[in-house]
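Chemist: build me a structure from this.
(chains A and B)
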Amino acid sequence: MFRYTKLTALREVLVWIVTLIGLLPLYLLVVTALKPDQEVLTTSAVAPPSTVDFGAFVEVLTSTGRNSIPMSILNSVIITAGAIAGLVLLGSLTAYVIARRTRTWTNVTYYLVLIAIILPAQLGTVPLYIGARSVGLTGNALGMILLWIGILLPLSIFLYASFFRGLTTEYEEAAVIDGATPTQAFFRVVLPLMAPATGTVAILAGLIVWNDFFNSLIFLGGSETQTLPVAMYTYVGGLVSAWNKIFAVVIISMIPILAFYMFAQKRFIQGFAGGLKG
Amino acid sequence: MTVTTQDSTRTITVPPDARNTPPPRPRGGRKPLITFGHWWWALPAVALVIGVHYAATMTGGFFAFTNWTGLGEWDFIGFANFERIFSDPMLLGSVWNTLFLAFGSVILTNVFGLLYALAINRMLKTRYILRTLLFMPVVLSPLAVAYVWKFIFQFNGPLNGFLGLIGLEEWQKVWLADPSWSIWAILITVVWQQTGFVMVIYLAGLASVPVEVEEAAAIDGAGIWGRFWHVVVPAIRPSIAIATTLGIIQGLRIFDQILALTGGGPAGATETLATQVYKQAFALGQFGFGSALALVLTVIILVFAILQQRVTRDRDAGKA
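Modeler: Model prediction:
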């Protein structure tokens, strides 16, 4: 009885109007970033630029020195990729052992992991910083990668464990009977079947690590190695009302994650359609 | 940021019967046919989790009762740090700001997110495009989003321009430098970014409302309001629990937006526990005092997380 009526069409139009008004800030972001310097302060914020000017982008992307934006992008990519690789490897190995073996210690470990997900991270920040500083893991990408693996492992283990419990043991059993070692069975048979779990872990961890400001600010503070959000914070702090340049930095920081988002969308739809097929 | 764990991804891709199920017991004590991996595969992860989560948190709890500055001598000073927190008006204000932002953002994102989810849930032809568009701000960096809003809120920015255009010049303000309005500016920034996240949780919940039941209720004469309260709300109760719990936890730790928009000013009017932990511990080097603030924040987060669980569980128990 719910049919598409004139009222539904009206609702659709209203929702679109609300959505477009809601996304106005992103429109302002793009038009302002494309304005030449003198137009930023003289023209209305909603007016499109008289000529499209990529000057702000060129200036941002050629910045050098400690808060160089291109260097910080490279650092962010290294840290995010390293953290994802570690979380996929350690998370899947641990979750596999926890999910497939039924001993007391695996149950205890699983509950340790669950509690760690709920435990707020703030209180541990100061001791972690002091510990990392004393062993030389502050101010470099390696320390940051290890920190992120530690922080997000509970999430990764939890997600993988849920998927492993939904997967029958017949695949590994068949592989072992055919002569595979447990290691081969895991890496050649089980892990490839876990592509949807790996995708979920990579998407969530990638988003959290790439966008993080707080931890990078503390653990990389004052060093040559800066991630994109911290470099953006410092860079913007040195610009007064040069909104076209500020917004050029902001847009550059958004592009990778938006590309990632489009990819993730596809992934979700595949998840709906193909189930665990990957 | 362990709080964003429960987002759409999990709701969609984790097989429903695999969630939170206890490990399967070997049936009738039968030994499994093969060994699954090696036990030591779990070692590095267990060591990292214990170190980064448990050891660090406990050490932080201990620091909270000392006056350590990160270097040299320190003393065990009992509750002196906490007496200082609760007798300093600025720090007390930061506790209130923390709670204001958490509750304000939970209420507003849930109202807007649910309304939007209801509006696009049934029959709209472009619902997937709308969903994708509204979820977009969620994936962006909070810092980047805060700069966009900083532009909107500045004195000669678009917001004041708009107010002037519609003849409300007397409403124009220096939003981010106004002691009573700056916290609202931060709240709006947070709500704008997080509404899409809540909407996706509610859309997943609404998908579980059978269309036949809603139609049956409509045929039996239930109005739109009656259908909402008696058909939709009971079905999306788990979504409400998830959205409000995650929202509170996330809201209590808002940090990036404040640093970008106001830096805690004007005159401490937008300081929260999270910004104060950062400033006291890392800018001023008072590791002991900063840890005490972090302990207060941790206790508040845990109290609300547990309360939230209680409230939702009681409601479910009362229903069954």
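Chemist: could you use CA atoms for every contact and neighbour count after this?
Modeler: OK.
Chemist: which residues touch A:Val201?
Modeler: For A:Val201, the contact set (C-alpha atoms under 8 Å, 6 or more residues apart in numbering or on different chains) comprises A:Ile84, A:Leu87, A:Val88, A:Ser156, A:Leu159.
Chemist: what packs against the lowest-mean-pLDDT helix or strand in chain A?
Modeler: Lowest mean confidence among the helices and strands of chain A (mean pLDDT, DSSP states H and E): helix A:243-274, at a mean of 73. Applying 3 or more C-alpha pairs under 8 Å, 6 or more residues apart in numbering or on different chains; DSSP states H and E, one finds that helix A:243-274 makes contact with helix A:24-33, helix A:37-42, helix A:55-61, helix A:195-211, helix A:228-237, helix B:8-13, helix B:127-139, helix B:142-153.
Chemist: if we check chain B, which of the contacts of A:Val201 are in contact?
Modeler: When C-alpha under 8 Å from any C-alpha of the partner chain is applied, the members of these adjacent to chain B are A:Leu159.
Chemist: for the contacts of A:Val201, which one is nearest chain B?
Modeler: A:Leu159 (7.6 Å; C-alpha to the nearest C-alpha).
Chemist: apart from its neighbours in sequence, what residue is nearest the closest one?
Modeler: Once flanking residues are discounted, A:Leu159 sits nearest to A:Ala197: 6.7 Å by C-alpha to C-alpha, 6 or more residues apart in numbering or on different chains.
Chemist: also B:Ser94?
Modeler: Nearest one to B:Ser94, counting by C-alpha to C-alpha, 6+ apart, is B:Thr272 at 4.2 Å.
Chemist: how much space between that neighbour and B:Phe289?
Modeler: To B:Phe289, B:Thr272 is 15 Å away according to C-alpha to C-alpha, to the nearest Å.
Chemist: if we can go back for a sec, my guess is the residue nearest to A:Leu159 contacts A:Arg165, does it?
Modeler: No: applying C-alpha atoms under 8 Å as the test, A:Ala197 and A:Arg165 come out as separate, 11.8 Å apart.
Chemist: for these two, indicate the residue with more neighbours.
Modeler: Comparing A:Ala197 with A:Arg165 by other C-alpha atoms under 10 Å in any protein chain shown, the one with more neighbours is A:Ala197, at 27 against 23.
Chemist: tell me where the stretch 101-250 of chain A is predicted with low confidence.
Modeler: The stretch 101-250 of chain A contains no residues with pLDDT under 70.
Chemist: and B:Val311, how many residues sit next to it?
Modeler: Using other C-alpha under 10 Å, B:Val311 is surrounded by 12 other residues.
Chemist: assign it to helix, strand or coil.
Modeler: Taking DSSP: H, G, I helix; E, B strand; the rest coil as the rule, one finds B:Val311 in the helix state.
Chemist: give me the pLDDT for it.
Modeler: Predicted confidence (pLDDT) for B:Val311: 77.
Chemist: care to break chain A down by domain?
Modeler: A:26-62+A:239-278, A:73-236 (automatic domain parsing).
Chemist: distance check, the closest residue to A:Asn75 other than its chain neighbours against B:Gly264.
Modeler: Leaving aside its chain neighbours, A:Asn75 sits nearest to A:Thr227 (5.6 Å; criterion: C-alpha to C-alpha, 6+ apart). Look at A:Thr227 and B:Gly264: by C-alpha to C-alpha, they are 23 Å apart.
Chemist: tell me how far stretch B:110-121 lies from the chain's centre.
Modeler: Computed by C-alpha atoms, centre = their mean, to the nearest Å, the separation of stretch B:110-121 from the middle of its chain amounts to 18 Å.
Chemist: who's in contact with that stretch?
Modeler: Residues contacting stretch B:110-121 (C-alpha under 8 Å, 6+ apart): A:11-12, A:15, B:127, B:130, B:195-200, B:202-203, B:206, B:243-244.
Chemist: report the buried residues of that stretch.
Modeler: B:Asn110, B:Phe112, B:Gly113, B:Leu114, B:Tyr116, B:Ala117, B:Leu118, B:Ala119, B:Ile120, B:Asn121 (16 or more other C-alpha atoms under 10 Å in any protein chain shown).
Chemist: count of residues packed around the residue nearest to A:Asn75?
Modeler: A:Thr227 has 29 nearby residues by other C-alpha under 10 Å.
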